[in-house]
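just need the structure, nothing else, for what follows:
(one chain, ligands or ions: 1)
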Amino acid sequence: MAYRKFRGTKLFTGKSWAPEDSVLITLPGGQVEAIVPASEAGEDIQAIEGILSPGFINAHCHLELSHMKSQIPPHTGMVPFLLRVMTNRQAAIETIQESIYLADQQMQKEGIVAVADICNTLHSLETKKSSPLQYHSFVEVSGFIGNTAQNRFDQGRAAWEKFREFGPASIVPHAPYSVSPELFRLINEFDPGCLLSMHNQESKAENDFFLTGQSALRDLYTAIGVNIGFFQPPQTTSLQAVLPYMNPANKLILVHNVLTSMDDLVCLEKHPVADTYFCVCPGANQYINQSMPPRFLLDDQVEKIVIGTDSLASNYQLSITEELKLLADFYPEIPMSHLLQWATMNGAMALNMDKKLGSFEKGKTPGVIALNNWQVTRLL
Ligand SMILES: [Zn+2]
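Have a look, this model is predicted:
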């Protein structure tokens, strides 16, 4: 059998650096066979400039917003951004689907092998049917008014039925400020133990909504004609306000976490959700709010941080490399091994794809990429 043998400047296994002079050996199709010292690897070793790494996992994306690239200017702030997405997302179906197809292609070139993708429509279905990328589709539901909950949930369920034919799928809450307790209950009862994802503490407006009630999010509801006069702020952060509604049996990816505090993490320990990951999307945070995920979270949750690109409505590209570069520029003390672990093994664990992806362990097919001066090359 013709093995493939790769020797890079360094080799990251998905969990740590391999010893210097290690060679990665795979089967022709990319299945990992072994990591061995160069002296034992035999002939035909391909020398690669750069770090060898398993393929990247994009833990938060909205493929269906790809046609909105460059439509919303940067730095609008959260609420104007959300309003622009709501009012501008319509387009010809051909335009939407072509943009989704091209975004999927771009992610393949960027060395991404799996994607957690938020769905409010069925638009991404066609691309997902034939893409070599592994997708987990998160069918997102929202509705802050309790008596709309059943209707919203049923719509989500109908979409979920379609997506799960082509890969893992879940019905998930949009965000603390947009989901009623009744809708949380329907989500929790539907598939206990499943993987959920929720936008969390992306902006100060979100926390203020729950802490004081004085928040630009009220303007959002006014603008879309929804009367939330019933809402009494619970005087806690948004995450703390909704933790009691979460099903402790579920696995959860909290997305953004820009305003998450140590106090929030303490509360998360008191209301434990089975397994919680924190997805950071620095590119989108910079684009919308000129903010960054907090350093303490990155230090405190090394084993639970994952990386997302968010959508092309709020980012210039769908590239995990660019997200890592932003983190490295902003927080130069973060070790490269942490950045790579977040983009590989942690992402695979979060998406329940670690049996196949995330690390160079015998039998897995995680993809092989080379990272050289923040340029990615896909080798397998
Ligand atoms: Zn998002």
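
okay, CA-based contacts and neighbour counts for the rest of this
Will do.

for the protein, which helix is longest?
Ranked by residue count and defined by DSSP state H, the top helix of the chain is helix 93-109.

got the contact list for that one?
By CA atoms under 8 Å, 6 or more residues apart in numbering, the residues outside helix 93-109 that reach it are 63-67, 113, 123-124, 126-127, 131, 133, 318-319, 377-378.

could you flag which of those residues are buried?
With burial judged by 16 or more other CA atoms under 10 Å, the buried subset of the contacts of helix 93-109 is 63-67, 113, 123-124, 127, 133, 318-319, 377-378.

keep only those of the contacts of helix 93-109 that are in helices.
Assignment to helices by DSSP H places the following of these there: Glu126, Thr127.

quick one: which two of the contacts of helix 93-109 are the most distant?
Pairwise distances across the contacts of helix 93-109 peak at 29.1 Å for His123 and Thr377 (criterion: CA to CA).

ok so, going back, can you put the buried ones among the contacts of helix 93-109 in JSON lines and add pLDDT and distance to Ile100?
Supplementary listing: the buried ones among the contacts of helix 93-109 in JSON lines, determined by pLDDT from 0 to 100; distance: CA to CA, whole Å:
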{"residue": "Leu63", "pLDDT": "98", "distance to Ile100": "6"}
{"residue": "Glu64", "pLDDT": "97", "distance to Ile100": "6"}
{"residue": "Leu65", "pLDDT": "97", "distance to Ile100": "8"}
{"residue": "Ser66", "pLDDT": "98", "distance to Ile100": "6"}
{"residue": "His67", "pLDDT": "97", "distance to Ile100": "7"}
{"residue": "Val113", "pLDDT": "98", "distance to Ile100": "16"}
{"residue": "His123", "pLDDT": "98", "distance to Ile100": "8"}
{"residue": "Ser124", "pLDDT": "98", "distance to Ile100": "7"}
{"residue": "Thr127", "pLDDT": "98", "distance to Ile100": "7"}
{"residue": "Leu133", "pLDDT": "98", "distance to Ile100": "13"}
{"residue": "Leu318", "pLDDT": "98", "distance to Ile100": "11"}
{"residue": "Ser319", "pLDDT": "98", "distance to Ile100": "15"}
{"residue": "Thr377", "pLDDT": "97", "distance to Ile100": "22"}
{"residue": "Arg378", "pLDDT": "96", "distance to Ile100": "21"}
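
adding distance to Val172 as columns, could you present those in a markdown table?
A markdown table is the format used below for those (distance: CA to CA, whole Å):
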| residue | distance to Val172 |
| --- | --- |
| Leu63 | 16 |
| Glu64 | 16 |
| Leu65 | 18 |
| Ser66 | 21 |
| His67 | 23 |
| Val113 | 22 |
| His123 | 17 |
| Ser124 | 17 |
| Thr127 | 21 |
| Leu133 | 21 |
| Leu318 | 22 |
| Ser319 | 24 |
| Thr377 | 34 |
| Arg378 | 32 |
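
may I see the buried residues of the longest helix of the chain?
For helix 93-109, by 16+ other CA under 10 Å, it's Ile96, Gln97, Ser99, Ile100, Tyr101, Ala103, Asp104, Gln105, Met107, Gln108.

now do the last one against Val258, distance only.
Read it as Gln108. When CA to CA, to the nearest Å is the yardstick, Gln108 and Val258 sit 28 Å from each other.

quick check: end-to-end length of stretch 265-279?
As for stretch 265-279, its first-to-last residue distance stands at 14 Å under the measure CA to CA.

now do it: distance to the chain's middle.
Relative to its parent chain, stretch 265-279 has a centroid offset of 17 Å by CA atoms, centre = their mean, to the nearest Å.

quickly list what the closest residue to Pro168 other than its chain neighbours is bridged to.
Distances taken as CA to CA, 6 or more residues apart in numbering place His136 nearest to Pro168, at 5.0 Å, with adjacent residues excluded. Listed by DSSP bridges, the beta-bridge partners for His136 are Ala116.

am I right that Glu33 sits in a strand?
Yes. If the criterion is DSSP: H, G, I helix; E, B strand; the rest coil, then Glu33 is within a strand.

can you pull the buried residues of the helix or strand hosting Tyr221?
With elements delineated by DSSP states H and E, Tyr221 resides in helix 216-223, which encompasses its position. Judged by neighbour count (16+ other CA under 10 Å), helix 216-223 contains these buried residues: Ala216, Leu217, Arg218, Leu220, Tyr221.

among those residues, give me the pair with the biggest separation.
Greatest spatial distance in those: Ala216 and Tyr221, 9.1 Å, computed using CA to CA.

just to revisit the earlier point, which other helices and strands does the helix holding Tyr221 contact?
Contact partners of helix 216-223 among helices and strands, from 3 or more CA pairs under 8 Å, 6 or more residues apart in numbering; DSSP states H and E: helix 78-88, helix 204-211.

ok, then the element right after that helix?
Tracing the chain past helix 216-223, the next element assigned as helix or strand by DSSP H and E is helix 238-242.

quick one: strands adjacent to whatever helix or strand comes next after that next one?
On the C-terminal side of helix 238-242, the closest following helix or strand by DSSP H and E is strand 251-256. Within its sheet, and counting by DSSP bridges, strand 251-256 is paired with strand 195-200 (parallel), strand 275-280 (parallel).

which residues touch the last one?
Meaning strand 275-280. Residues outside strand 275-280 that contact it (CA under 8 Å, 6+ apart): 59-60, 250-258, 293, 301, 304-308, 350.

how about it: buried residues?
Neighbour-count burial for strand 275-280 flags Thr276, Tyr277, Phe278, Cys279, Val280 (criterion: 16+ other CA under 10 Å).

nothing else from me, thank you.
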